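*Asks:* Quick one: sequence and predicted model below, then my questions.
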Amino acid sequence: QVQLVESGGGLVQAGSSLTLSCAASGASLNRYALGWFRQAPGREREFVAAHSWSGGGTNYADSVKGRFTISRDNRDNTRNTVTLQMASLKPEDTAVYYCVAGMTSVSTRSRFGYDHWGQGTQVTVSS
C-alpha cells in the first residue's frame, strides 16, 4: 500500500510562485508514476502533471505547461518525493491539489489510472 502526504499549499497573490511536495512511501515505488491532480470548487478533478518512475519522463496539462515543473527524487525506491514547482500563478489555479501514484504510463491523464491518492492540500491564488 502506498501512502502519500502532501505539503506546501497556501494563499498567494497572482503572479507568485509556490512549491508543493509529496512524500510517497509504504511500498516499492518502482514502476509507479507519481503526479498531481487538482479540483476546484464545482469542477471535476483534473490532471496537472506526472513523472515517470524511471528515465525522467514528464507530462503536463496544457493549462500549466511552461509554468509548472514536476520533479522526483527516487533514490530510495520505498521513499520517493515528488515536487511541483508552480510559477506565474493565476486565480484559476485555485484548487485542492492531490498527489497521486499509479502503476501506469506517465502519459496517463485519467484519474482512473491512479490507484493511490493523498488527502490534498489547498492552493488559493488571489487576484
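*Replies:* Received it, and whenever you're ready, just let me know what you need. Numbers count the residues shown, from 1 in each chain.
*Asks:* hang on, isn't residue 103 packed against residue 28?
*Replies:* No - counting by CB atoms under 8 Å, residue 103 stays clear of residue 28, with 10.7 Å between them. The C-beta positions use only the backbone N, C-alpha and C, and glycine is treated the same way.
*Asks:* Residue nearest the middle of the protein, spatially speaking?
*Replies:* Nearest to the centroid of the C-alpha atoms of the chain, with distances taken as CA atoms, centre = their mean, sits residue 36, at 2.1 Å.
*Asks:* did I read that right, residue 69 in a strand?
*Replies:* Yes - the assignment for residue 69 is a strand, going by DSSP: H, G, I helix; E, B strand; the rest coil.
*Asks:* Let me know the helix or strand that the closest residue to it other than its chain neighbours is in.
*Replies:* Leaving aside its chain neighbours, residue 69 sits nearest to residue 85 (4.5 Å; criterion: CB to CB, 6 or more residues apart in numbering). Here residue 85 sits within strand 79-86, counting by DSSP states H and E.
*Asks:* and the angle from the helix or strand just after that strand to strand 79-86?
*Replies:* On the C-terminal side of strand 79-86, the closest following helix or strand by DSSP H and E is strand 95-102. Relative orientation of strand 95-102 and strand 79-86, computed by axes from the mean of the first three to the mean of the last three CA atoms, to 10 degrees: 140 degrees.
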